[in-house]
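In: Sequence and predicted structure are below.
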Amino acid sequence: MKYFQPTILSSSRRPELVGNETLIAQQGHVGLYEGKNKVDQYQDGVCYLTSHRLIYVDNTNPLEYSIEMSLALIKEIESYGGFLRSSPKIIINIDPSEKETIEETTTSSVWACSICSFLNKGSSELCELCGVKNANPVEPTPTNITSDTDSSTCSVCTFVNHPSMIQCEMCGADLPREVVPTATTSTSSVVSVGGENQHAQIRLSFRKGGQSSFLMKLKSAVAEKQWEKKVVTPVPEPKKRGVGITAIEDRIQKSTLEATETMTDAFQDLDRLMAKATEMVKLAESISSKVSKETINDDGELSALRTQLLNLGISSPVTRGSAGSIYHQELARELAEFLSKFFKKEDDMKSLTDVYCLFNRARGVALISPEDLYKASQQFEILKLPFRLRKFSSGLLVIQSLDMNDNRAASRILRIVKEQGSLSALQLAEIEKLALVVASEQLIVTERMGLVCRDEGPSGLTFYENLFLIA
């Protein structure tokens, strides 16, 4: 795959967007061809189209077989409607000269960590997963260096003789009769460049439909050339930086004022909000990075900050129009990304009703039905995402993290019962920040394990520690 390179995926196995890049469409059950030949290990995956790239994510092994290609390489786009057992295809003709230009102007986009094998961005010096420094940083190397071996230099004693001499004046050894050129680029590489046009063609095979709509969006994205439109950031006028606490407070107040003006301007009406979407996403990312880097001791401040992040919403929600036949799979991946930021701890649990309200709130006007959320939640285990859909005996549906299990929940509840003396569902809901129905189900599960006993009286259902276990 000469024109593809590894791509970076998020925790939900979706490609990470960079800069002013936007997701346009995605289509499942796509296979890759190089020329007219099938490419092994790339025959069943999801093809993502963004404003800058064409990305393939394999269904079986997404971490190893996920690649991307810049839309700037595309010279011409053709289509093949299919015949009998042959699937419809999009034929992409590549411009090899454009590939050389991109390689000269850009560095490696990703690098693999030598410790955990995580794919990091090329601009990152440290591994984003384990923090290990890049052992093999990419350095620009000259592409065509040619040197000549002087025939007057003796190969034995390295004495530089007169060009007319046949033997070395110092040691008498025979001198080479011709100038021997040595180059870093071998003839085999030249031949490969010359024969590159034979395979300067990529084909996308659509096994289960979606070729026509994807073709139309691909042509539109190539025609717009969004990757050439650079985001112009205003350069602030150079000012004298103050010192001391007063200067720090002034800078904090200025940044807070700018963020407030941005949010106020963006939320005036829907049209202006869409125009400010990119700026709002950058603001959300900056706030999220500060939360991960800084330790906030006040739970109230952390809760308020999570609420503000939730209000900012999802920048490019998955829709039926963009996802097509893989709508519920892509919706499950988007839901997993949302829950990974929203869940406060690894063993958290939320009712499906609460998740439905919060997820629709984050999606803005792109609302989904309860049935779509239920079907998307059923895809967690199939897609190997870190969440699971669970149904209690009472019929309650919840979404819980992969690390959550009954033993951990029961031991935590038993610890709270010992501290409080007695515990009701309402008290547990307040302490653990759970929905009342979820707290009730966890208490019943703990009771079935024999760790607590119930007392049903006028004040309601209360649970105590099972002292028979101690006896």
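Out: Good, I have the coordinates.
In: Would you tell me what the next helix or strand after the lengthiest strand in the chain is?
Out: Counting by DSSP state E, the longest strand found in the chain is strand 23-34. Downstream of strand 23-34, the first helix or strand assigned by DSSP states H and E is strand 37-38.
In: Next secondary structure element downstream of that next one?
Out: Moving toward the C-terminus from strand 37-38, the next helix or strand (DSSP H and E) is strand 45-50.
In: Could you say which helix or strand holds His328?
Out: Going by DSSP H and E, His328 is part of helix 327-342.
In: Report the buried residues of that helix.
Out: 327-339, 342 (16 or more other CB atoms under 10 Å). C-betas here are computed from N, CA, C, even on glycine.
In: Can you show me the strands along the stretch 101-250 of the chain?
Out: 110-112, 119-121, 146-149, 180-183, 201-206 (DSSP state E, counting those that start in this stretch).
In: From Tyr374, how far out is the closest residue to Thr153 other than its chain neighbours?
Out: Among residues not flanking Thr153 along the chain, Val160 sits closest, at 5.4 Å (CB to CB, 6 or more residues apart in numbering). Distance, Val160 to Tyr374, using CB to CB, to the nearest Å: 83 Å.
In: residue ranges with poor pLDDT in the stretch 151-300 of the chain?
Out: Where the stretch 151-300 of the chain drops to pLDDT under 70, the residues are 151, 177-199, 230-244, 263-300.
In: And for the stretch 301-450 of the chain?
Out: Applying pLDDT under 70 to the stretch 301-450 of the chain flags the ranges 301-315, 344-347.
In: And the helices in the stretch 201-350 of the chain, which stretches?
Out: In the stretch 201-350 of the chain, the segments counted as helices under DSSP state H, counting those that start in this stretch are 211-224, 244-266, 270-275, 277-293, 299-312, 320-323, 327-342.
In: actually the stretch 51-200 of the chain, not the one I typed
Out: In the stretch 51-200 of the chain, the helices defined using DSSP H, counting those that start in this stretch lie at 96-105, 187-194.
In: and Asp58, how many neighbours?
Out: Asp58: 19 surrounding residues under other CB atoms under 10 Å.
In: ditto for Arg53
Out: The burial count for Arg53: 21, using other CB under 10 Å.
In: Once you drop chain neighbours, what's closest to it?
Out: Distance criterion CB to CB, 6+ apart; nearest residue to Arg53, sequence neighbours excluded, is Glu68 at 4.8 Å.
In: where does the stretch 1-150 of the chain have low pLDDT?
Out: For the stretch 1-150 of the chain, the stretches flagged by pLDDT under 70 are 1, 98-110, 117, 121-123, 129, 137-150.
In: 50 instead, please
Out: The model of the stretch 1-150 of the chain has pLDDT under 50 over residues 105-108, 140-149.
In: Tell me the spatial nearest neighbour of Pro386, not counting adjacent residues.
Out: Distances taken as CB to CB, 6+ apart place Leu402 nearest to Pro386, at 4.6 Å, with adjacent residues excluded.
In: Leu436 too?
Out: Distances taken as CB to CB, 6+ apart place Ala429 nearest to Leu436, at 4.9 Å, with adjacent residues excluded.
In: what comes up buried for whichever strand or helix holds that neighbour?
Out: Ala429 is part of helix 425-432, with elements assigned from DSSP H and E. Buried residues in helix 425-432, defined by neighbour count with 16+ other CB under 10 Å: Ala425, Gln427, Leu428, Ala429, Glu432.
In: helices and strands around it, which ones?
Out: helix 406-420, helix 436-448 (3 or more CB pairs under 8 Å, 6 or more residues apart in numbering; DSSP states H and E).
In: how about those helices in JSON lines, adding distance to Leu23?
Out: Formatted as JSON lines, the helices and strands packed on helix 425-432 follow (distance: least, CB to CB, whole Å):
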{"stretch": "helix 406-420", "distance to Leu23": "36"}
{"stretch": "helix 436-448", "distance to Leu23": "33"}
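In: Out of those helices, the one nearest Ala362 is which?
Out: For the helices and strands packed on helix 425-432, the distance to Ala362 is smallest for helix 436-448, at 20.4 Å, taking CB to CB.
In: Pull out the buried positions in that closest one.
Out: When burial is assessed from 16+ other CB under 10 Å, helix 436-448 yields the following buried residues: Val437, Val438, Ala439, Ser440, Glu441, Gln442, Leu443, Ile444, Val445, Thr446, Glu447.
In: How about stretch 159-176?
Out: Neighbour counts over stretch 159-176 (16+ other CB under 10 Å) mark Asn161, Cys168, Leu175 as buried.
In: so the last one makes contact with Gln167?
Out: Translated: Leu175. Yes - with contacts defined as CB atoms under 8 Å, Leu175 counts as touching Gln167 at a distance of 6.4 Å.
In: Now for Thr319: which residues touch it?
Out: Tyr327, Ala366 (CB atoms under 8 Å, 6 or more residues apart in numbering).
In: make that Ser97, sorry
Out: Ser97 touches nothing, counting by CB under 8 Å, 6+ apart.
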